[in-house]
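Participant: Let me see the structure of the following:
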Amino acid sequence: MRFFVGVHRPRMGWPLSLRGHPVCISANVLAGRAGNVAFVGQSEGWMLDSGAFTQIALRGRFDQSPQDYAALVRQFGDWHGSGLEVAVSQDWMCEPDVIAATGLSVREHQQLTLDRFDAIAAAGTGRIPLMAVLQGWRADDYRRHLDAYGDRLDKGAWVGVGSVCKRQGNPRAIGVILETILRTRPDLRLHGFGVKLTALQSPAVRSMLYSADSMAWSYAARRSGRDQNDWMEAYLFAERIAGRSRPMAGGAQPSLF
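Facilitator: Next comes the predicted model:
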């Protein structure tokens with residue numbers, strides 16, 4: 001499983017990339033920037049997240065139109081050595097609290113997710129592939145959404161699985177969803193968004209994910225009174241996910257739970 005460590009400042013990606021860890025950064029951070037990302041062109045690539053969770057959960061809408069988001073993807077992806085591997089489509093999460101906030105149904109969120117994917121694809125993301133996102137809450141929801149995508153998903157497509165980040169206390173629930181998707185489309189390469197340590201340490205979950213991302217390190221650092229803007233915190237977390245946990249100076253290993 002590939003792990004993209006989430007960072008909220010572009011400059012943090014440079015030392016992480018140089019040390020072999022690909023990063024994930026939100027469009028919320030990059031929107032409005034005129035220059036290129038500080039870590040582009042390094043030995044490891046990076047993933048552009050649409051920032052959907054922050055925008056939909058807090059404001060119930062997207063700040064960027066599909067056309068503006070597609071332009072952002074092209075801005076950071078359409079030049080030699082950019083390092084950008086994939087851009088995540090703008091999706092509508094289906095956690096119960098988000099559904100309650102928007103007043104819409106899971107099916108409506110699924111359709112809005114499809115509509116956004118189609119609109120961004122039509123606007124064009126240049127050489128950068130657009131990652132479709134499967135949404136739902138119950139396993140059957142994800143199967144239905146997978147069917148709705150139809151031939152939009154090519155064989156072997158890299159596809160995101162949304163609304164899993166709040167299920168961390170029960171990795172089996174995540175596993176059931178992943179298994180349901182792969183039973184229908186075993187060729188898909190699944191990506192888990194915001195997957196935290198409990199799930200990432202589950203062999204069953206890891207075996208079904210092609211990739212995952214997480215910023216759990218930042219919350220853990222803040223909660224423990226450490227610097228949530230220190231790239232070393234992100235590095236230690238990424239090393240732990242990779243099974244290469246290293247002690248901090250003085251022998252104290254930070255708690256990442």
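Participant: What's the separation between R74 and Q67?
Facilitator: Shown here: R74 relative to Q67, a distance of 11 Å by CB to CB, to the nearest Å. (Glycine included, C-beta is placed from N, CA and C.)
Participant: Also T180?
Facilitator: Taking CB to CB, one finds T180 at 33 Å from Q67.
Participant: between those two, who's got more neighbours?
Facilitator: T180 (17 against 13; other CB atoms under 10 Å).
Participant: That one should be in a helix, yeah?
Facilitator: Yes: under DSSP: H, G, I helix; E, B strand; the rest coil, T180 sits within a helix.
Participant: Read off the pLDDT value for it.
Facilitator: pLDDT for T180: 98.
Participant: what's near enough to touch it?
Facilitator: Residues in contact with T180 (CB atoms under 8 Å, 6 or more residues apart in numbering) are A139, D140, Y142, R143.
Participant: Repeat that for V7.
Facilitator: Here V7 is in contact with G13, L16, V23, C24, I25, M215, W231, A234 (CB under 8 Å, 6+ apart).
Participant: from those residues, which is closest to R152?
Facilitator: Set against R152, the nearest of the contacts of V7 by CB to CB is C24 (22.7 Å).
Participant: so the closest one touches R2, yeah?
Facilitator: No: using CB atoms under 8 Å, C24 is not in contact with R2; the gap is 10.7 Å.
Participant: which of those two has more neighbours?
Facilitator: The neighbour comparison of C24 against R2 (other CB under 10 Å) goes to C24, with 24 against 17.
Participant: Show me the helices in the protein, by range?
Facilitator: For the chain, applying DSSP state H gives helices covering 13-18, 27-30, 52-59, 66-77, 96-102, 106-123, 139-149, 171-184, 197-200, 203-208, 216-223, 231-241.
Participant: Take those and write them to JSON lines, including distance to V164.
Facilitator: Shown next, in JSON lines, are the helices of the chain (distance: least, CB to CB, whole Å):
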{"stretch": "helix 13-18", "distance to V164": "23"}
{"stretch": "helix 27-30", "distance to V164": "20"}
{"stretch": "helix 52-59", "distance to V164": "11"}
{"stretch": "helix 66-77", "distance to V164": "22"}
{"stretch": "helix 96-102", "distance to V164": "13"}
{"stretch": "helix 106-123", "distance to V164": "14"}
{"stretch": "helix 139-149", "distance to V164": "10"}
{"stretch": "helix 171-184", "distance to V164": "5"}
{"stretch": "helix 197-200", "distance to V164": "8"}
{"stretch": "helix 203-208", "distance to V164": "9"}
{"stretch": "helix 216-223", "distance to V164": "13"}
{"stretch": "helix 231-241", "distance to V164": "16"}
